[in-house]
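Trainee: sequence below, structure please.
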Amino acid sequence: MAKLKYKRRFWITLSLLILVTLIVGGGSIGYYVHYSATNHRVCAQCHPEIVQLWKSSKGHPSPSTSCYQCHSDHLLPPKYLADDSLTSQRCLDCHEDVLELGYYIKKKVIKYNHRIHRQEGLECIACHRNAGHEYLSGGTNRPTISECISCHRREFDGMPKDQECLNCHDVMLAPGRTWKND
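Mentor: Numbering: from 1, shown residues only. Here you go, the predicted model:
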């Protein structure tokens with residue numbers, strides 16, 4: 001009888017020990033997967049210069065935006081992609097209002113319609129490739145004039161008086177002069 005009692009205690013103790021080991025081990029593995037999937041230190045191992053640019057980002061600062069939020073398709077463990085389509089969709093997850101009819105850019109120098117460009121098939125990062133890492137080149141999230149001209153070349157052919165600058169600009173600026181579109 002005593003032998004049966006000790007045998008039963010042994011199996012109960014062994015079962016509890018295995019259960020605790022599985023719970024602690026599973027939690028540790030889960031933490032490691034989460035850490036390695038979402039911590040910028042892991043990204044910095046291969047992309048140290050990009051992580052430094054992101055840390056100094058004003059548009060998407062590191063305390064509030066992670067690498068994971070923009071570059072993952074949210075699978076567990078995450079699958080990281082930096083392709084235009086996925087990254088643009090991540091932009092729209094937070095900035096969906098740019099596609100609304102009543103949306104306008106707050107800067108009074110530029111008139112721009114995101115919705116039309118999106119309908120034309122442009123991805124967000126066609127113009128905003130540096131959005132999370134804006135100091136990579138140029139120091140801005142906005143496209144440069146040469147990027148705009150690459151698609152809108154026909155509007156800039158000919159003499160300056162023939163150019164359609166006011167299609168995009170509310171105000172035309174030239175050295176020493178200011179014109180308003182009336």
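Trainee: use CA for all of it now, contacts and neighbours both
Mentor: Noted.
Trainee: for the protein, which helix is longest?
Mentor: Using DSSP state H to assign secondary structure, the helix with the most residues in the chain is helix 2-38.
Trainee: neighbours around the closest residue to residue 113 other than its chain neighbours, how many?
Mentor: Distances taken as CA to CA, 6 or more residues apart in numbering put residue 104 closest to residue 113, at 7.5 Å, once the chain neighbours are dropped. Close neighbours of residue 104, defined as other CA atoms under 10 Å, add up to 16.
Trainee: SS state for residue 104?
Mentor: coil (DSSP: H, G, I helix; E, B strand; the rest coil).
Trainee: let me know whether it touches residue 115 as I believe.
Mentor: No. Using CA atoms under 8 Å, residue 104 makes no contact with residue 115, being 10.6 Å away.
Trainee: domain parsing of the chain, as residue ranges.
Mentor: Residue ranges for the domains of the chain, per automatic domain parsing: 1-38, 48-180.
Trainee: got the buried residues for the first one?
Mentor: This means domain 1-38. 37-38 (16 or more other CA atoms under 10 Å).
Trainee: average pLDDT across it?
Mentor: Averaged over domain 1-38, pLDDT sits at 83.
Trainee: any idea how far the most centrally placed residue in the chain is from residue 4?
Mentor: With distances taken as CA atoms, centre = their mean, the residue of the chain nearest its centroid is residue 70 (3.3 Å). Going from residue 70 to residue 4 by CA to CA, to the nearest Å gives 60 Å.
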